[in-house]
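Colleague: With the input below, show me the fold.
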Amino acid sequence: MASNTAMMGHLPSGLGICTTIPDILYVPELIFGGLVWILVACTYVVPHNPQAWVMSVSVFCFIMTFIWLVVFACGSHHNSSGWAAADFLYHGIAAFFYLSASVALAKVTLDLKSDPPSKDYKLDISAVVFSYIATLLYFVHTILSAIRWKSF
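Modeller: I've put the predicted structure just below:
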């Protein structure tokens, strides 16, 4: 752990993104974001706008996080403080978007509660849980990226 915190003023490249903080969070962000995308795509939500917003957020963040992962893995950032600032900014925006999508999806899911719970309701509950986990991951990544950016 000491080597991870000592390198906070450095942007990793190659396999270093799998061992440094906050870059180790890319893979869980992709996994939980992909699960939100899949679960929302499998359900039917009566008010279509929240579902469209959740899908837009999850697809946008999935694609951008994958692109960000590739940029960092290839070393295209050239250890520039501008990339550290952009990393902080992107993850802050993603955390905000995911929070807004999670709240909207949770509201619609609670409105659809039935007895006994339907398959769509169970899928929506799973999507809400994974959406909040993705929000937490992006928020933690934002905080750690801000610390790294300030250490440049």
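
Colleague: From residue 74, how far out is residue 16?
Modeller: Here residue 16 is placed at a distance of 12 Å from residue 74 (C-beta to C-beta, to the nearest Å). Glycine gets a C-beta too; all of them are placed from N, C-alpha and C.

Colleague: Likewise for residue 138?
Modeller: Counting by C-beta to C-beta, the gap from residue 138 to residue 74 is 22 Å.

Colleague: who has more neighbours, the two?
Modeller: Taking other C-beta atoms under 10 Å, residue 138 and residue 74 do not tie; residue 138 has more neighbours (25 against 10).

Colleague: Residue 22 against residue 145, yeah?
Modeller: Yes. Under the criterion of C-beta atoms under 8 Å, residue 22 makes contact with residue 145 at 5.5 Å.

Colleague: Which parts of the host helix or strand of residue 50 count as buried, going by neighbours?
Modeller: Using DSSP states H and E, residue 50 maps to helix 48-74. Buried residues in helix 48-74, counted by 16 or more other C-beta atoms under 10 Å: 50-51, 53-55, 57-59, 61-62, 65, 68-69, 71-73.

Colleague: what's the closest of these to residue 82?
Modeller: Lowest distance from residue 82 to the buried residues of helix 48-74 (C-beta to C-beta) belongs to residue 71, with 12.4 Å.

Colleague: give me every residue that touches that closest one.
Modeller: Shown in contact with residue 71 (C-beta atoms under 8 Å, 6 or more residues apart in numbering): 77, 83.

Colleague: Next secondary structure after the least confident helix or strand in the chain by mean pLDDT?
Modeller: Across the helices and strands of the chain, mean pLDDT, DSSP states H and E gives its lowest value to helix 2-6, namely a mean of 47. Counting by DSSP H and E, the next helix or strand C-terminal to helix 2-6 is helix 26-41.

Colleague: contacting residues around that next one?
Modeller: 17-18, 51, 54-55, 58-59, 61-62, 65-66, 68-69, 72, 105, 123-124, 126-127, 130-131, 133-134, 137-138, 141.

Colleague: Now do the buried residues in it.
Modeller: By 16+ other C-beta under 10 Å, the buried positions in helix 26-41 come out as 26, 29, 30, 32, 33, 34, 35, 36, 37, 39, 40.
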